[in-house]
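Participant: please work out how this folds:
(one chain, ligands or ions: 1)
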Amino acid sequence: MQTIVKLITFTIGVTLVFSACSNNQPTEISKNNFEEKEMKKEALDAIKVVGGAFQKTLSSKISNGGLPNAATFCSTNSHDLAQEVFKTLPQGISLKRITSKPRNPNNKASKEELLVLNQLKNNFEKNQSLDMIVKQKSPNHYQVYKPIKVDAICLKCHGTNTIRDEKAYDIILKMYPTDKAIGYALNDFRGAFLVDIIK
Ligand code: HEC
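Facilitator: Numbering: from 1, shown residues only. Have a look, this model is predicted:
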C-alpha cells in the first residue's frame, strides 16, 4: 500500500515539475513537420509586409534628404508607420525586432529570447545560415525567430565611428542616448525578427 502511495505521489510530482517546465520553457517543434512549415510561412509573410513597407519608406527618405533625413524618420515617425502596418497583419500575428545590443531599449531581448538569439547567432556564424527557429509556447501559441544580418547600408547608422554618417548619428544619439547598436561590420549578426502567432 505504502509503495502505491509513494508511486502516486512521485507521479504527481513529476507531472507538476514537467508541466511547470513546459509553461516556462517553450519547446522547439520538431524539424520539417507540417506545423513548423506553416508557422514559418505565416511569419515570413508578416515580415515581408512590415519589412517591405519600411524598406520603401527608408529608401525614399534617403533619396530625398539623405541619411540624416532617414535617421530622423527611423527615430520618430517609424513608430507611427509600424502601428499602421501592424494593423494590416492577420489577427493573432504580431512582430517585433530583438537584439542583445539595442538602440531602442524596448528591443532588448529577454532572457528567454536571448537563448534563441544565441542559437541563431551560432548557426549564422558557423555556416551563414539564416534559417528560422520555431518555438511553441502553448498548444496554440507559436514564436518564430528570423535572423537579421548587417548589410552595407546599415553601417551608416550601426557601423564603427569611421564608417557611420556623422550627421545621421548625431540625430540618432539625441533620441537614443543609451544606444548600444554601433560597431557592427558587414555581414555581422544583428538580431532577429520575432513573430508571435496565436492560432
Ligand atoms: C538611417 C539610419 C539607420 C539605418 C540606415 C539603419 N538603421 Fe537600424 N535603427 C535605426 C534606428 C534609429 C533604430 C531605432 C528604431 C526604434 O526605435 O525601434 C534602429 C533599430 C534597429 C533594430 C532594432 C533593434 C535595436 O537596436 O533597437 C534593428 C534590428 C536594426 N535597426 C537593424 C538594421 C539593419 C539590419 C539595417 C540595414 C539593413 C539598419 N538597421 C539600417 C537607424 C538606422
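
Participant: top helix in this protein by residue count?
Facilitator: The single longest helix within the chain, with elements called by DSSP state H, is helix 34-63.

Participant: go through it and flag the buried ones.
Facilitator: Applying a neighbour-count criterion of 16 or more other Cβ atoms under 10 Å, one finds 36, 39-40, 42-44, 46-47, 49-51, 54, 57-58, 61-62 buried in helix 34-63. For every residue, glycine as well, the C-beta is placed using N, CA and C.

Participant: how far is that helix from where the chain is centred?
Facilitator: The chain centroid and the centroid of helix 34-63 are separated by 12 Å, computed with Cα atoms, centre = their mean, to the nearest Å.

Participant: what's the answer for stretch 53-66, then?
Facilitator: In terms of Cα atoms, centre = their mean, the gap separating the centre of stretch 53-66 from the centre of its chain is 22 Å.

Participant: now it - C-alpha only, PDB.
Facilitator: The C-alpha atoms that make up stretch 53-66 are tabulated as PDB, following Å, rounded to 0.1, in the frame of the first residue of the first chain:
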ATOM      1  CA  ALA A  53       6.800  49.000 -46.000                       C
ATOM      2  CA  PHE A  54       9.900  50.100 -44.100                       C
ATOM      3  CA  GLN A  55      12.300  49.500 -46.900                       C
ATOM      4  CA  LYS A  56      10.200  51.600 -49.300                       C
ATOM      5  CA  THR A  57       9.900  54.500 -46.900                       C
ATOM      6  CA  LEU A  58      13.600  54.300 -45.900                       C
ATOM      7  CA  SER A  59      14.900  54.400 -49.500                       C
ATOM      8  CA  SER A  60      12.600  57.300 -50.300                       C
ATOM      9  CA  LYS A  61      13.800  59.200 -47.200                       C
ATOM     10  CA  ILE A  62      17.500  58.500 -48.100                       C
ATOM     11  CA  SER A  63      16.900  59.700 -51.700                       C
ATOM     12  CA  ASN A  64      15.000  62.800 -50.600                       C
ATOM     13  CA  GLY A  65      17.300  64.300 -47.900                       C
ATOM     14  CA  GLY A  66      19.900  61.700 -47.400                       C
END
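
Participant: brilliant, that's me finished.
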